[in-house]
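In: build me a model:
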Amino acid sequence: VRVAGMALVFGSHALLAQMMGAKGYGDYTVINTIVNFFVVVSLFGFDTSTLRFFSTAYSKKDWAKAKGFFRFSNVIILILSVSCVVGLFCFLLFNSKRYSISYSEAFFWGIFLIPFLSFIALSSSVLRALHKVKLALSTNYIWMPVFLSIVCILYYLSHNNQLKVDAAVMIQMLLAALMCYYIRWRTKKEIEP
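Out: From the prediction side, this is the model:
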């Protein structure tokens, strides 16, 4: 799944680079790098510790501890990701005149990717702890690049063969919100029994 997913991610990025051009794709890459840095900060290591603590509690059938750990990690990630969003939003407000409107708008949409990507990573870790590896990896490695490519192609064709960085990041943010909802729903469905 991961190898096929990496091929899809590569194809998706090659397609985006072709549609956005060198400068637009460069801006897109910088924004995604910043976002991924703050996703790591927001996760605070819970994605890794979930594999150990959640799976241990779940295998011992200590349901209260497993659910408690899941809830606690959700609260901490929510607090950290919202703090990152607020901090980056303030940074953008004070520095928006230094950047182009398209870049500032893309950065704005990118900020809101942080909580969604953080919760996707946490849910993926829980699913891996439950030995649902294909489901855990399919969101980031299969569905995101496929849907991102399809929606960006449709946008590109309907907007006079143009795809600006702000539109690409907004599309990515909306898809991340949908994927977050889906994987969280699947995770809760797997945890409930």
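In: middle-most residue in the chain, spatially?
Out: Geometric centre of the chain, nearest residue: residue 117, 2.5 Å, by CA atoms, centre = their mean.
In: quick check: chain neighbours aside, which residue is closest to it?
Out: Nearest non-adjacent residue to residue 117, counting by CB to CB, 6 or more residues apart in numbering: residue 39, 4.7 Å away. Any C-beta I mention is one placed from the backbone N, CA and C, and that applies to glycine too.
In: element containing the one you found?
Out: If you go by DSSP states H and E, residue 39 is part of helix 2-43.
In: which strands and helices sit next to the least confident helix or strand in the chain by mean pLDDT?
Out: Every helix and strand of the chain was ranked by mean pLDDT, DSSP states H and E. The lowest is helix 55-59, at a mean of 83. Applying 3 or more CB pairs under 8 Å, 6 or more residues apart in numbering; DSSP states H and E, one finds that helix 55-59 contacts helix 63-95.
In: about what we covered before: show the subsequent helix or strand relative to the helix holding residue 39.
Out: Remark: after helix 2-43, the chain's next helix or strand is helix 46-49, criterion DSSP H and E.
In: of all the residues in that next one, which ones are buried?
Out: For helix 46-49, a neighbour-count test (16 or more other CB atoms under 10 Å) marks 46, 47 as buried.
In: so what touches it?
Out: Outside helix 46-49, the residues that touch it by CB atoms under 8 Å, 6 or more residues apart in numbering are 73, 76, 77, 121, 122, 124, 125.
In: for the record, mean pLDDT for that helix?
Out: Mean pLDDT, helix 46-49: 88.
In: ok, the nearest residue to residue 136 once chain neighbours are set aside - contacts?
Out: Nearest non-adjacent residue to residue 136, counting by CB to CB, 6+ apart: residue 127, 3.7 Å away. Shown in contact with residue 127 (CB under 8 Å, 6+ apart): 133, 135, 136, 183, 186, 187, 190.
In: how many neighbours does residue 134 have?
Out: 10 (other CB atoms under 10 Å).
In: please name the nearest non-neighbouring residue to it.
Out: residue 1 (5.5 Å).
In: touching, the one you found and residue 133? I think so.
Out: Yes: using CB atoms under 8 Å, residue 1 is in contact with residue 133, at 7.2 Å.
In: residue 130: how many residues sit nearby?
Out: Residue 130: 18 neighbours (other CB under 10 Å).
In: state the distance from the residue nearest to it when sequence neighbours are not counted to residue 66.
Out: The spatial neighbour of residue 130 that comes closest, neighbours along the chain excluded (CB to CB, 6+ apart), is residue 190 at 5.5 Å. For residue 190, the distance to residue 66 equals 11 Å [CB to CB, to the nearest Å].
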